[in-house]
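# the following block contains a protein sequence and its predicted model.
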Amino acid sequence: MANRYSTSYRMNRIFREDRAALVVPIDHGLVWGRVPALEAPVEVMRRFLPEDITGFMVSTGIVKASEVELARAPAMSRILAIDAFWPTSTPATGTGCLVASVEDAVRMGVDCVKLLLPWNVVDEEKVNYCQRIGTVVSEASKWHIPVMVEPVFLNTPRSPEIIEKELEVARVGYDLGADIIKITFPGPDATAKLCAELDIPVVVAGGPLSGDSASTLRDVKDAIEAGAQGVVVGRKVWQRPPEEAAEVIAEMARITRTSFTRRW
């Protein structure tokens, strides 16, 4: 039986038959301002456009500033972050909000919208997020645009307990109607568990720069072999020296082709 996504135009732009998605996120300024090595995000996009990647995660401003570049690279998918949370350093008192609408996303021609699902926030903010995501899912269905949800515990060390809680929040995102779950790599076993439980694509985020390039590549390989349908890796690539970054992204691209099994 064909999966419900098998004929979806935008989902098949994000997820190709022959490889896992390899998305470079450059939307960090939306919540963190001038991130080191991402002070000029469109310049970072131009650096990686010639590489063997499948797309970018972007903000509204980046979409507007890169229309010409992306028109000349129509195979590149774009995932638009449409919400933000401030400040991420104090989630107990922070607030999230939408910064763009689904209609904005459709007008700009992107392939997917992405929302956070912070869970170490006050109950009122959890309610706001669930309502917000539910409303976006409903609106997105009218336009046939996928919704990616990212469960996250803000400004919290990723202990085994937190990783297990992230898996629980991923289920909340699934039940709210997410088409894609994005989660910071929880290890191969937890990734396999999540992919087995949910009948939607799971993509794994790289997180902040840490470790050497070999450990980053090992995590990417483990994630894809565990069933992840893509990786979203930014700081662990573009915060490295340019020559090293080019080598890492090329090896990631190879892994996305050789270690991949399509699950939907």
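Sure, I can see it. Residues are numbered from 1 along each chain as shown.

# the stretch 1-150 of the chain: helices as residue ranges?
Along the stretch 1-150 of the chain, counting by DSSP state H, counting those that start in this stretch, helices occupy 9-14, 29-32, 41-48, 60-65, 67-71, 102-108, 123-143.

# among those, which is nearest Ala228?
When the helices of the stretch 1-150 of the chain are compared by C-beta to C-beta, helix 9-14 sits nearest Ala228, at 13.2 Å. Any C-beta I mention is one placed from the backbone N, CA and C, and that applies to glycine too.

# CA atoms of that closest one as CSV?
The C-alpha coordinates for helix 9-14 follow below in CSV (Å, rounded to 0.1, in the frame of the first residue of the first chain):
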residue,chain,number,x,y,z
TYR,A,9,4.7,17.2,-4.3
ARG,A,10,6.4,19.1,-1.5
MET,A,11,7.3,16.1,0.6
ASN,A,12,9.0,14.5,-2.4
ARG,A,13,11.0,17.7,-2.9
ILE,A,14,12.2,17.4,0.7
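
# what sits up against it?
The contact list for helix 9-14 (C-beta atoms under 8 Å, 6 or more residues apart in numbering) reads 5-6, 21, 54-55, 77, 79, 111-112, 144-146, 179-180, 201, 230.

# make TSV out of the helices of the stretch 1-150 of the chain and add mean pLDDT and distance to Ala192.
TSV is the format used below for the helices of the stretch 1-150 of the chain (pLDDT from 0 to 100; distance: least, C-beta to C-beta, whole Å):
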stretch	mean pLDDT	distance to Ala192
helix 9-14	96	21
helix 29-32	94	30
helix 41-48	97	29
helix 60-65	98	33
helix 67-71	94	34
helix 102-108	97	31
helix 123-143	97	25
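
# could I get those as CSV with mean neighbour count and distance to Glu164?
Below are the helices of the stretch 1-150 of the chain laid out as CSV (neighbours: other C-beta atoms under 10 Å; distance: least, C-beta to C-beta, whole Å):
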stretch, mean neighbour count, distance to Glu164
helix 9-14, 18, 28
helix 29-32, 17, 25
helix 41-48, 17, 33
helix 60-65, 17, 34
helix 67-71, 12, 38
helix 102-108, 17, 32
helix 123-143, 15, 18
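
# picking up where we left off before, filter the contacts of helix 9-14 to the buried ones?
Those of the contacts of helix 9-14 that meet the buried threshold are 5, 21, 54-55, 77, 79, 111-112, 145-146, 179-180, 201, 230, by 16 or more other C-beta atoms under 10 Å.

# thinking again about what came up before, can you check which of the helices of the stretch 1-150 of the chain gets nearest to Arg254?
Nearest to Arg254, of all these, is helix 41-48, at 15.7 Å by C-beta to C-beta.

# distance of the residue nearest to Val248 when sequence neighbours are not counted from Ala37?
In space, Val248 comes closest to Ser213 once its chain neighbours are excluded; the distance is 4.9 Å by C-beta to C-beta, 6 or more residues apart in numbering. Ser213 sits 15 Å away from Ala37, going by C-beta to C-beta, to the nearest Å.

# all strands for this protein, in order.
21-25, 55-58, 77-81, 83-86, 95-98, 112-118, 147-152, 180-184, 202-205, 230-232 (DSSP state E).

# centre of the chain versus the longest one, how much separation?
Read it as strand 112-118. Relative to its chain's centre, strand 112-118 lies at 8 Å (C-alpha atoms, centre = their mean, to the nearest Å).

# strands paired with it, and their directions?
Neighbouring strands of strand 112-118 in its sheet, by DSSP bridges, are strand 77-81 (parallel), strand 147-152 (parallel).

# compute the inter-axis angle for it and strand 21-25.
Strand 112-118 runs at 70 degrees relative to strand 21-25, counting by axes from the mean of the first three to the mean of the last three C-alpha atoms, to 10 degrees.
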